[in-house]
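Colleague: quick one, structure for this:
(chains A and B)
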Amino acid sequence: MTGNIMALASSTFLETVRDRIFYLVAIFGFVMLSSTAILSPLTVGAQGKIMADVGLASMVVFGLLVVVFVGSSMVRKELDKGTIVTILSKPVGRREYLIGKYLGLNLTLVSMLAIMGLMFLLMLYLAPGSFSLRYLGAFYLTFLELTLINAVVVFFSTSVSPVLAAVFTLGVFTVGHLSQSIRDFGQLQEGVFQRQMSELVYYLTPNLEVFNLRGSVVHGTAVSLEHLVMATVYSVSWSILLLVVAGSIFSRKELRGE
Amino acid sequence: MIIQAPVINKAVDRAGRGIPVADPHSVEPDHLTGFSRDSAKAQPVVLEVRDIRKSFRSGFLKRRIRGVEGVSFSVNRGSVFALIGHNGAGKTTIINCILDLVHADGGEVSIMGMDHRDPASRVEVGYLPERPYFFEHLTGRELLQFYARLLGMPKNRRASRIDEVLEMVGMTEFAGRRLKKFSKGMLQRMGLAQAILGEPKLLILDEPMSGLDPMGRREIRELLMKLKQAGTTIILSSHIVPDVEMIADTVGILKEGCLVAVQDLAEWNHDFSYTGELDLGDRRARVRGDGVADLRNLLNDCHRDAIPVLSLETRRTSLEELFMEISGGASVKREVVR
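Modeller: Numbers count the residues shown, from 1 in each chain, chains lettered A, B, ... in the order given. Now for the predicted structure:
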């Protein structure tokens, strides 16, 4: 079982990497350099913070782009083109297939984030007084957030079209960052229905603000080990839940029409 | 006889006596079981399909359209069973049900005694889909390495086995090229390569000759003959009847989702008529008869009485004629299931 999952993960990784996905990393480097060149003259004394802010936000945006656009079509493309049938005609379970694809995309994410992280740290190193290893905590939280989003997109891609899967995933990403605010807003409402709906949204969507400590990291606060552990548990739990449900849907799916 | 469908006795009738096409709804699984037991004495059953049914929802109203209905057959080790039928007759659906790529509405399938829904039942199965498509950014060799890993092939065996199958399908020189640069025929060969990679006991090929030029078809046919001689059980679907005739031991003819005839080709090859001319010294005599026993008697008599045989011509219905007669020239036509 592990062998199958690893084989699927590595082939998915190789396929996405060769599909010129790393062009996005080059764009990231360009954004970092541009932000330094453009914003530096405007931000006397806060150059490092601006660079860090733009850099961390860019990592999330580019990572999200990869997850949503690669992940949403990953399973569907193989279903439509028929790649999946030769894989599942081998002794491979459908859940193994999904987990392999999920891990393969995670592997791509790790590689992307690692390269972007190195570029980010290098840029900070070149800006006097900006470099700090506390950013590693923010990188890790970004990775956890994107792996969770990856599980969300895999979940949707087993049941709806790539476009809908991308739209729904972006929706979950947006709501996930606003869920606490939606809940707080709901509690201020007088109507029971509004309060219940806001509670429902809060519990049905992952709270992605758990992973968003970028602002405080930029302003000099390191992420605590306790928070990193809790965030890991939170991300892994949601991912497992989503993959279990996705696996259950996928097991019942007809892989070929007439 | 190695394979049977309970709905058929004997489908050939060159004298125009009509071909029995039984009601597909009258399938009796016990019938099949009895037959299997007899044949199992000779060779173990590799695949047993019992009364599978599959319908699809189609159109705006999502009406149920029959895919296959009450199909039963079994295939013994080392034999080649071909499913032939028009486009849409249900060949691919049966194969997809066997491999659990689509879930049958009813019936049972066992592969080497195991339930087909268990992924472990596919350890010794090789499959070539009708239109094989693979990860296009991988090279031919990387693709086979990937499948070797899925098959659980030991690391030290992979490289040599991959070289072997690349050689067998004539793709050695293209092994380092990415699949997106492959032609349809080359993809078909790679599809066959991944199917035979694990030295499967059961090879399922959906339109294996599709996309190949005449030379390629011949090469693949020869490869399949070699695999057959090596004892691999093969199930293939095709609508290229002459190819099937050369490879298969038994054919199953599908019409509108029903298996309407199963014919043992060895048996069928003995079922022919002949006409001949004998030299009786003072005159010539024309003779005619049916079947191998009749012909053998005639030739023995001629040999015993030293009668020269001036000419001898045999005639039997071609598989294509049989197919056309049974399938009635029907194309895609599906019954709506209520």
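
Colleague: tell me the domain ranges of chain B?
Modeller: B:1-124+B:200-271+B:316-338, B:134-198, B:273-315 (automatic domain parsing).

Colleague: any chance of those in JSON lines, plus mean neighbour count?
Modeller: In this view, the C-beta of every residue, glycine as well, is placed from N, C-alpha and C. Below are the domains of chain B laid out as JSON lines (neighbours: other CB atoms under 10 Å in any protein chain shown):
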{"stretch": "domain B:1-124+B:200-271+B:316-338", "mean neighbour count": "19"}
{"stretch": "domain B:134-198", "mean neighbour count": "19"}
{"stretch": "domain B:273-315", "mean neighbour count": "13"}
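
Colleague: can you redo those as TSV with distance to chain A and mean pLDDT?
Modeller: Converted to TSV, the domains of chain B look like this (distance: least, CB to the nearest CB, whole Å; pLDDT from 0 to 100):
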stretch	distance to chain A	mean pLDDT
domain B:1-124+B:200-271+B:316-338	4	76
domain B:134-198	4	92
domain B:273-315	38	88
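
Colleague: what does chain A put close to chain B?
Modeller: Contact residues (CB under 8 Å from any CB of the partner chain) of chain A with chain B: A:3-4, A:6-8, A:10-11, A:14-15, A:18-19, A:81-83, A:85-93, A:252, A:254-258.

Colleague: make TSV out of the domains of chain B and add distance to residue A:159.
Modeller: Listed next are those as TSV, based on distance: least, CB to CB, whole Å:
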stretch	distance to residue A:159
domain B:1-124+B:200-271+B:316-338	16
domain B:134-198	23
domain B:273-315	58
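
Colleague: quick one: distance of stretch A:141-160 to the chain centre.
Modeller: With CA atoms, centre = their mean, to the nearest Å as the basis, stretch A:141-160 stands 6 Å off its chain's centre.

Colleague: show me the shaky parts of chain A.
Modeller: A:1, A:33, A:36-37, A:40, A:44, A:256-258 (pLDDT under 70).

Colleague: now the longest helix anywhere in it: buried residues?
Modeller: The helix that spans the most residues within chain A, counting by DSSP state H, is helix A:47-81. Using 16 or more other CB atoms under 10 Å in any protein chain shown as the test for burial, helix A:47-81 gives A:47-48, A:50-60, A:62-64, A:66-76, A:78-79.

Colleague: list only buried entries from the residues of chain A next to chain B.
Modeller: A:4, A:7-8, A:10-11, A:14-15, A:82-83, A:85-93, A:255-256, A:258.

Colleague: what's the longest helix of chain A packed up against?
Modeller: helix A:2-16, helix A:23-39, helix A:83-88, helix A:94-126, helix A:135-157, helix A:162-187, helix A:214-218 (3 or more CB pairs under 8 Å, 6 or more residues apart in numbering or on different chains; DSSP states H and E).

Colleague: mind running it again at 6 Å?
Modeller: helix A:23-39, helix A:94-126, helix A:135-157, helix A:162-187, helix A:214-218 (3 or more CB pairs under 6 Å, 6 or more residues apart in numbering or on different chains; DSSP states H and E).

Colleague: the inter-axis angle of the fourth one versus helix A:135-157?
Modeller: Pointing back at helix A:162-187 there. 110 degrees (axes from the mean of the first three to the mean of the last three CA atoms, to 10 degrees).

Colleague: buried residues in helix A:162-187?
Modeller: Quick answer for helix A:162-187 (16+ other CB under 10 Å): A:162, A:165-166, A:168-170, A:172-173, A:175-179, A:182-183, A:186.

Colleague: also the first one?
Modeller: Residues of helix A:23-39 classed as buried: A:24-25, A:28-29, A:31-32, A:35-36 (neighbour count, 16+ other CB under 10 Å).

Colleague: what comes into contact with it?
Modeller: A:50-51, A:54-55, A:58, A:62, A:112, A:115-116, A:119, A:123 (CB atoms under 6 Å, 6 or more residues apart in numbering or on different chains).

Colleague: tell me the SS of the residue of chain B positioned farthest from its centre?
Modeller: The outermost residue of chain B relative to its centre, with distances by CA atoms, centre = their mean, is residue B:282 at 51.3 Å. Look at residue B:282: counting by DSSP: H, G, I helix; E, B strand; the rest coil, its state is coil.

Colleague: tell me the contacts of it?
Modeller: Residue B:282 neighbours (CB under 6 Å, 6+ apart): none.

Colleague: need phi/psi at it.
Modeller: Here is the backbone geometry of residue B:282 (degrees, to the nearest 10): phi -80, psi -20.

Colleague: likewise residue B:262?
Modeller: phi -130, psi 130.

Colleague: what's the longest helix in chain B?
Modeller: Ranked by number of residues, the top helix in chain B under DSSP H is helix B:214-229.

Colleague: what's it in contact with?
Modeller: In contact with helix B:214-229 (CB under 6 Å, 6+ apart) are residues B:80, B:185, B:209, B:247.
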